[in-house]
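[1] Could you look at this predicted model? Sequence included:
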Amino acid sequence: EAGVAQSPRYKIIEKRQSVAFWCNPISGHATLYWYQQILGQGPKLLIQFQNNGVVDDSQLPKDRFSAERLKGVDSTLKIQPAKLEDSAVYLCASSLGGGSEQYFGPGTRLTVT
Amino acid sequence: GENVEQHPSTLSVQEGDSAVIKCTYSDSASNYFPWYKQELGKGPQLIIDIRSNVGEKKDQRIAVTLNKTAKHFSLHITETQPEDSAVYFCAASMVGGAQKLVFGQGTRLTINP
């Protein structure tokens, strides 16, 4: 069974630029999560989708971050404009549904200079 | 909201010895407590979890204990091996809702040969 796929693996941008990350969850997983993991900290949930609907985006900085999950499968997370404090690893995870084990992708390491 | 505290932040043990990592949580409604292992450049991987109707769970060299009254849970690794070296995260959530995982800050475990 293929795992959660993410791309790119690394991205370096200057502040005020925009960036997008892509996630392909495990086939059949209805729930998709985006986490932000700052160096030395645990992952923090940014947004959770159930199929193509948003379940929780309470910690998503909506003035600069946006996410979508078209057709309830792949998802993209966008940052525009980026700030220095956005430097982090962005992790995508998926699960069969709420209450099920979450499987994480390898993450995208973003560096904002 | 939920807050999870994890200790210690770093732990170094001799190969073959045991390692213990402790976490406390704040929301008494939380009823699901997973532990994740994160190796360099990879996403977190679930290694064991426990639900609130169980006080202890064991899987080979790994065990987790839960004290709901005190709101703390611990990870125990026995007969440690070099491949156990990684960062370990505890988390807490309430199953039945959106299953929003709140992570601890992580423990960097080093196994010395």
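    Ah, there it is. Numbers count the residues shown, from 1 in each chain, chains lettered A, B, ... in the order given.

[2] In chain B, where is pLDDT below threshold?
    The model of chain B has pLDDT under 70 over residues B:96-99.

[3] Which positions in it make contact with chain A?
    Residues of chain B lying near chain A by C-beta under 8 Å from any C-beta of the partner chain: B:4, B:6, B:32, B:34, B:36, B:41-46, B:49, B:89, B:91, B:95-106. Using the backbone N, CA and C atoms, a C-beta is placed for each residue, glycine as well.

[4] Around chain B, which positions in chain A sit nearby?
    Within chain A, the residues that sit near chain B (C-beta under 8 Å from any C-beta) are A:4, A:31, A:40-45, A:48, A:55-56, A:91, A:93, A:95, A:98-107.

[5] Buried residues, stretch B:81-101. List them.
    Within stretch B:81-101, the residues that count as buried by 16 or more other C-beta atoms under 10 Å in any protein chain shown are B:84-94, B:98-101.

[6] Helix or strand for B:Y88, just tell me which one.
    strand B:86-92 (DSSP states H and E).

[7] quick one on the thing from earlier: which members of the residues of chain A next to chain B occur in strands, if any?
    With DSSP state E as the criterion, strands contain A:31, A:44-45, A:48, A:55-56, A:91, A:93, A:95, A:103-104 from among those.

[8] Which one of those residues is nearest to chain B?
    A:F104 (3.2 Å; C-beta to the nearest C-beta).

[9] Which residue is the nearest non-sequential neighbour of that closest one?
    B:G43 (3.2 Å; C-beta to C-beta, 6 or more residues apart in numbering or on different chains).

[10] Which secondary structure element of chain A has the lowest mean pLDDT?
    The least trusted helix or strand in chain A, going by mean pLDDT, DSSP states H and E, turns out to be strand A:53-56, with a mean of 91.

[11] Report how many residues lie close to B:Q14.
    Applying other C-beta atoms under 10 Å in any protein chain shown, we find 9 residues neighbouring B:Q14.

[12] Next: A:G72.
    Neighbours around A:G72, by other C-beta under 10 Å: 15.

[13] next one: A:E101
    Neighbour count for A:E101, taken as other C-beta under 10 Å: 11.

[14] for it, phi and psi?
    Dihedral pair for A:E101: phi -60, psi 140, per degrees, to the nearest 10.

[15] Just give the nearest non-adjacent residue to it, would you?
    Once flanking residues are discounted, A:E101 sits nearest to B:L46: 5.5 Å by C-beta to C-beta, 6+ apart.

[16] partner residues bridging the one you found?
    B:Y36 (DSSP bridges).

[17] right, and it touches B:P34 too?
    Yes: in this structure, B:L46 is within contact of B:P34 by C-beta atoms under 8 Å, at 5.6 Å.

[18] thinking again about what came up before, neighbours around the residue nearest to A:E101, how many?
    Residues lying near B:L46 (other C-beta under 10 Å) number 14.
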